[in-house]
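Trainee: Got a predicted structure plus its sequence, pasted below:
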Amino acid sequence: MNGKWNLGTVAAIGGSAALLAFVSFVPSAQADELADLRANMEVLQKRIDQLAQAPPLTGPVVPNYGPQVPGAGPGQPVVAGSFPRSFLIPGTDTSIRIGGFINTDALYYFKGAAAGSQLNGIGGTNNQTFFDGQGGTGNLPGIPLNNQSPYRDRSSSFDLSPRVSRLLFDGRTPTAYGEVDAYLEMDFAYNNTSVNQNNGSSTSEAFYTRLRKAYATFGGFEAGLDVSLLHDPDADPELVDQGGGATSAGRGRQTEVKYTYAGPYGTVFAAGFEAPEPQFQGPFGAVQIDTNSIPNVAACSAAGNNVANLPATTACIGTSSFFSPIEALIPEFIGTARVNQPWGHVQLGGIIRTDRFNDGQGFERTYMGFGGALTGDVHPFSGTPGALGKDDLGFTVCLGQDTGNQCNNGTGPVTNFGAPILVPGFGAVNPLTSAAWNTVNSATREAYDALVRTSPTSSYGGQLWYQHWWTPEIRSTVEVSAIWDAINTSVLQNQSATTNNNKFLSITHANLYWSPVAFVDFGGEYAWGHRVNIANFKGDAYTLEGVMRVRF
């Protein structure tokens, strides 16, 4: 026993001696690292002890975010947000911007303001629809023609309007998938033509709020009301005229779902679909929705229908919904590819869409529409010092078949549905005066539908503009745009079709802008619009427009 114990003791003593010998030879640098490690551990332990003794967060709870963080209550300073001109919502990591502008337009028509219904169709020129400019979405398609009025011209008019003043809200929140954005924008330019210049507007303008944009993004996905996929805002000129050019690629705004991918070398690819907007050119003009008015249908009396042989169910006012067989069934599919460079950008896009006809009584046809657009801008003096380096040249080409308004002021298929047709065995059938035509599933209606003709329509449009910067505060833009719709006139069988269907629209703008400070604009612009219908009657409009805009 003693021998074994003595042996173990000797071994333990020997091991301890060896360990002490090893430690004694540890370099001084390693000893310093160990000391630092012990000090850091002590600091961390003290912090843990402090956190353990701190009271739990109490007070207001921000929905979907949890308790409000300390220091975010009343009286605390506003914290700058994650993007320019934004601020952080207290208690969250969401940045929000509130902005917009106040805009006042002064518009004078030397000639060519769209006529109203007063004075046998030559009065009522002060119309809300057309008083923000005579461009492609305004007065241009309705310029009075040289065969329309036997009276001395009274198409001159003047108006002031603040309708396009704008308000916007932009909220962005960082996530693991990137920044999530919720955007809302509105103005007061809803086209309610029944209230302007009525008794109420003598003391208070009756301008209605209009939703311009409302969309959300998540990663590369976006859904909501935004600029159309085919539209390229960077290829738009700076115009005082809110109606814009005679044509453009894509709609100004549309409800859509899309995905955007940023590739290498400045490339950007986007694809998605938009809400369908079926359209056709008919005997009473372009029909895009089922509430447009037919200008030559007599109104019914207060007691009911005053047109002989028509059933009581016939529309008592001129409305093309009575002759609109279009259905919105399939979204419009769009894809774009874009290249961004220091000198400017180029974008190529394509569209596939359908126009569906179905009157519920035998007239059923579907037309496939397609089109393409090439847009972009070039800074010809890019890199040049001073204002000249900001000069810009922009262009748009939009063409296709049955493009609808994907080429602004484009068309859908042409049809004679609703026009008088000579039907064998029934004679001339005029839907405006035929009770048999208005009878559901009648032999007359079936025979009429069998003779309805339709034809696709091609559209060709373009825009070219140049902006020159005279000084850092003064700039000018000259723009010219036009669109040609190759409408098959042999299909249309109604006299009013020659008045209400256009084959050529063009407009030219020239303006001067002055921005004394960065957020204030004063502008003046001259414009000449030209319209030609399918019967080759022409009309011209000349306007002078001014604007004052203050952004906030």
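Mentor: It's in. Numbers count the residues shown, from 1 in each chain.
Trainee: Walking through the stretch 101-250 of the chain, point out its strands one by one.
Mentor: 157-161, 166-175, 178-187, 210-218, 221-226 (DSSP state E, counting those that start in this stretch).
Trainee: Which of these sits closest to Pro431?
Mentor: strand 210-218 (34.3 Å; C-beta to C-beta). The way it works is simple: take the backbone N, C-alpha and C, and place the C-beta from them, glycine included.
Trainee: got the angle for the closest one vs strand 166-175?
Mentor: Counting by axes from the mean of the first three to the mean of the last three C-alpha atoms, to 10 degrees, strand 210-218 points 10 degrees away from the direction of strand 166-175.
Trainee: quick one: strand 210-218 to strand 178-187, angle?
Mentor: Going by the same axes, to 10 degrees, strand 210-218 makes 180 degrees with strand 178-187.
Trainee: Parallel or antiparallel, which strands does strand 210-218 pair with?
Mentor: strand 178-187 (antiparallel), strand 221-226 (antiparallel) (DSSP bridges).
Trainee: what's the next secondary structure element after the last one?
Mentor: Tracing the chain C-terminally past strand 221-226 and defining elements by DSSP states H and E, one meets strand 254-262 next.
Trainee: Looks to me like Thr477 is in a helix.
Mentor: No - counting by DSSP: H, G, I helix; E, B strand; the rest coil, Thr477 is located in no helix; its state is strand.
Trainee: tell me which element the nearest residue to it once chain neighbours are set aside is part of?
Mentor: Ranked by C-beta to C-beta, 6 or more residues apart in numbering and with sequence neighbours excluded, the top spatial neighbour of Thr477 is Gln467, at 4.4 Å. Using DSSP H and E, Gln467 sits in strand 458-469.
Trainee: Report all helices and strands that that strand contacts.
Mentor: If you count contacts as 3 or more C-beta pairs under 8 Å, 6 or more residues apart in numbering; DSSP states H and E, strand 458-469 packs onto strand 392-401, strand 474-486.
Trainee: Kindly reformat the ones you listed as a markdown table containing distance to Val517 and mean neighbour count.
Mentor: Listed next are those as a markdown table, based on distance: least, C-beta to C-beta, whole Å; neighbours: other C-beta atoms under 10 Å:
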| stretch | distance to Val517 | mean neighbour count |
| --- | --- | --- |
| strand 392-401 | 22 | 21 |
| strand 474-486 | 13 | 20 |
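Trainee: which one of the ones you listed lies closest to Glu525?
Mentor: Comparing the helices and strands packed on strand 458-469 by C-beta to C-beta, strand 474-486 comes nearest, at 8.5 Å.
Trainee: Return the distance of the residue nearest to the spatial centre of the chain relative to Asp521.
Mentor: With distances taken as C-alpha atoms, centre = their mean, Arg253 lies nearest the centre of the chain, 1.6 Å away. Applying C-beta to C-beta, to the nearest Å, the value for Arg253 to Asp521 is 22 Å.
Trainee: Gly243 too?
Mentor: 18 Å.
Trainee: With Asn430 instead?
Mentor: Taken as C-beta to C-beta, the span from Asn430 to Asp521 is 54 Å.
Trainee: of these two, who's got more company?
Mentor: Using other C-beta atoms under 10 Å as the criterion, Asn430 and Asp521 rank with Asp521 on top: 20 against 13.
Trainee: right, and the strands paired with strand 210-218 - which one's nearest Thr471?
Mentor: Closest among those, once you apply C-beta to C-beta, is strand 178-187, at 30.3 Å.
Trainee: show me what contacts Pro378?
Mentor: Let me fix one detail, which is that residue 378 is Val and not Pro. 343-344, 392-394 (C-beta atoms under 8 Å, 6 or more residues apart in numbering).
Trainee: Likewise for Tyr466?
Mentor: 391-394, 477-478.
Trainee: mind putting the residues you listed in TSV, distance to Pro264 included?
Mentor: Putting those into TSV (distance: C-beta to C-beta, whole Å) gives the following:
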residue	distance to Pro264
Asp391	29
Asp392	26
Leu393	26
Gly394	25
Thr477	33
Val478	36
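Trainee: quick revisit: bridging residues for the residue nearest to Thr477?
Mentor: Asp392, Thr477.
Trainee: That one - how many residues pack around it?
Mentor: 20.
Trainee: any idea how far it is from Arg212?
Mentor: 24 Å.
Trainee: How about Ile507?
Mentor: 23 Å.
Trainee: what's the answer for Thr336, then?
Mentor: Counting by C-beta to C-beta - Thr336 and Arg212 are separated by 21 Å.
Trainee: Ok, Pro331 next?
Mentor: 21 Å.
Trainee: Check Lys390 too.
Mentor: For Lys390 relative to Arg212 (C-beta to C-beta), the value is 27 Å.
Trainee: So those two - more neighbours on which side?
Mentor: Neighbour totals were compared for Lys390 and Arg212, and Arg212 leads with 19 against 15 (other C-beta under 10 Å).
Trainee: Just confirm that one contacts Phe188, I think it does.
Mentor: No - using C-beta atoms under 8 Å, Arg212 is not in contact with Phe188, being 10.3 Å away.
Trainee: Over to Arg445: give its phi and psi.
Mentor: Backbone geometry at Arg445, expressed as degrees, to the nearest 10, gives phi -70, psi -40.
Trainee: Contacts only, for it.
Mentor: So Arg445 contacts 361-362, 436-437, 439 (C-beta under 8 Å, 6+ apart).
Trainee: Strands of the stretch 251-400 of the chain, residue ranges please.
Mentor: Going by DSSP E, counting those that start in this stretch, the stretch 251-400 of the chain shows strands at 254-262, 267-274, 280-282, 285-287, 326-327, 332-341, 344-358, 364-378, 392-401.
Trainee: okay, those strands, which one's buried deepest?
Mentor: Each of the strands of the stretch 251-400 of the chain was assessed for mean neighbour count using mean count of other C-beta atoms under 10 Å. The highest is strand 280-282, with a mean of 27.
Trainee: Would you mind measuring from Gln93 to Leu168?
Mentor: Actually, residue 93 is Asp. It isn't Gln. 21 Å.
Trainee: I meant Leu399, not that one.
Mentor: Leu399 is 33 Å from Leu168, by C-beta to C-beta.
Trainee: One more: Leu229?
Mentor: 21 Å.
Trainee: neighbour count winner among the two?
Mentor: Taking other C-beta under 10 Å, Leu229 and Leu168 do not tie; Leu229 has more neighbours (28 against 16).
Trainee: May I have the phi/psi pair for that one?
Mentor: According to degrees, to the nearest 10, Leu229 has phi -60, psi -40.
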